[in-house]
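S.K.: just coords:
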């Protein structure tokens, strides 16, 4: 018997749809990780959005909590499926102070086991199977799986630009491009139900201006389209005033949370996603949230979230951590300083080799253009270059496949996966490779 005959058609479709193009090679790199003394020839995965820069500081604080605090009885019991009340209140205060910048209330928050669960459940409740969610391209590849595998929502990649230099001042998303996306989808018989923005963006590191977000919010409300802004990198900000990179930012557009617009509008069509995975480097804790003023949505979320709920013990640990605002402020200062230092190292290499890139204002990434090194301007040519870099240097970038942009030769480089001293070794290997490899377009 064929094993696939024992599973559902839905399972077959999921099985045949890889989560991301680089996963197998990533696991290969993990088996051979670089270590300065134990494995100096090892690999450098710069493709996975992991943040290790602040873990030592957080680890010490978490160990201190476990040693000095008494575990509450509620940690061992069932609780509110949206999140334990004291935890929700603590996170509301954290968001108000460190991310959104204006007061929000716990009743407008719901928590699930990681942002993937939040995305899965949010789109399941906001749209019907077969509806379409629109993403300005390039966009995080796994969004396709997050919204499609279980909720059955389609992904549409909206092309807002042709070349990477058009992103130097931000993502050129406006009403004209939204109207075109709506027209294209309607003409093909599809329903534009959700618009998802990542802010700061994955993979470009760009941010949306407050004016831009307001115009987009107005358009979405007018057309009864849900606008969801993913701010999972909202505290992973680059110091754009750093002297080594300040010249890359002629227009000083600073990150400002979409939560401020939500607080003013209180519209049922506006929502915000966040997780502690990236800013705090604790992806293994599996804690994500949705912020919304849509009461019907949150009521449905409460009923559907039992299978996605966060462990009460995890909520307790995070509650203790987030209650210490002095520690959080100090952590974010140190983390952002180190993140900026890593970004500067990468940019210096890119400038040395005249490689086009998007000046990042936040996130864990640099979006770079290596199209001048492509043997052929195709998906095959792009994959060949990606694998050649990995096999020659041990440095694994995220390939452009799956990001939804039509241009070839663009890659994502994660700046936070390794501590600065290890990242420096990886960049030296890339430097050697680029010096030895002739540009195909020279």
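M.R.: Cool, the structure landed. No experiment lies behind these values; they were computed from the predicted model shown.
S.K.: list the buried residues for stretch 264-280?
M.R.: Neighbour-count burial for stretch 264-280 flags 267-280 (criterion: 16 or more other C-beta atoms under 10 Å). For every residue, glycine as well, the C-beta is placed using N, CA and C.
S.K.: all helices of the stretch 301-442 of the chain, in order?
M.R.: When secondary structure is read from DSSP state H, counting those that start in this stretch, the stretch 301-442 of the chain shows helices at 312-323, 325-352, 379-393, 420-436.
S.K.: poorly predicted segments of the chain, please.
M.R.: Across the chain, residues meeting the criterion (pLDDT under 70) sit at 1, 16-20, 438, 441-442.
S.K.: what are the boundaries of the helices in the stretch 151-300 of the chain?
M.R.: Taking DSSP H, counting those that start in this stretch as the test, the helices found in the stretch 151-300 of the chain are 175-187, 210-222, 259-265, 295-304.
S.K.: of all these, which one is nearest residue 62?
M.R.: helix 259-265 (26.6 Å; C-beta to C-beta).
S.K.: any residues touching that closest one, and which ones?
M.R.: Applying C-beta atoms under 8 Å, 6 or more residues apart in numbering, the contact partners of helix 259-265 are 95, 99-104, 210, 213-214, 217, 221, 231, 270-272, 291, 293.
S.K.: cool, stretch 384-393 as well?
M.R.: Contacts for stretch 384-393 (C-beta under 8 Å, 6+ apart): 22, 25, 29, 43-44, 370, 373-375, 395-397, 399, 409, 411, 426, 429-430, 432-433.
S.K.: mind checking how far residue 368 is from residue 11?
M.R.: 37 Å (C-beta to C-beta, to the nearest Å).
S.K.: domains in this protein, as residue ranges please.
M.R.: The chain breaks down by automatic domain parsing into domains covering 3-56+329-436, 72-324.
S.K.: quick check: end-to-end length of the longest one?
M.R.: For domain 72-324, the first-to-last residue distance is 18 Å (C-alpha to C-alpha, to the nearest Å).
S.K.: chain center to that domain: distance?
M.R.: Distance of domain 72-324 from the chain centroid (C-alpha atoms, centre = their mean, to the nearest Å) equals 9 Å.
S.K.: re earlier: for the helices of the stretch 301-442 of the chain, which one sits closest to residue 238?
M.R.: Judged by C-beta to C-beta, the one of the helices of the stretch 301-442 of the chain that comes nearest to residue 238 is helix 325-352, at 5.3 Å.
S.K.: next, the angle from that closest one to helix 420-436.
M.R.: Relative orientation of helix 325-352 versus helix 420-436 (axes from the mean of the first three to the mean of the last three C-alpha atoms, to 10 degrees): 10 degrees.
S.K.: how about helix 325-352: buried residues?
M.R.: Going by neighbour count (16+ other C-beta under 10 Å), the buried part of helix 325-352 is 328, 331-332, 335-336, 338-347, 349-350.
S.K.: now stretch 189-209
M.R.: Result for stretch 189-209 [16+ other C-beta under 10 Å]: buried residues 192-209.
S.K.: swap in stretch 74-88?
M.R.: 74-75, 79, 81-84, 86-88.
S.K.: could you dump those to TSV with secondary structure?
M.R.: Formatted as TSV, the buried residues of stretch 74-88 follow (DSSP: H, G, I helix; E, B strand; the rest coil):
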residue	secondary structure
74	helix
75	helix
79	coil
81	coil
82	coil
83	coil
84	coil
86	helix
87	helix
88	helix
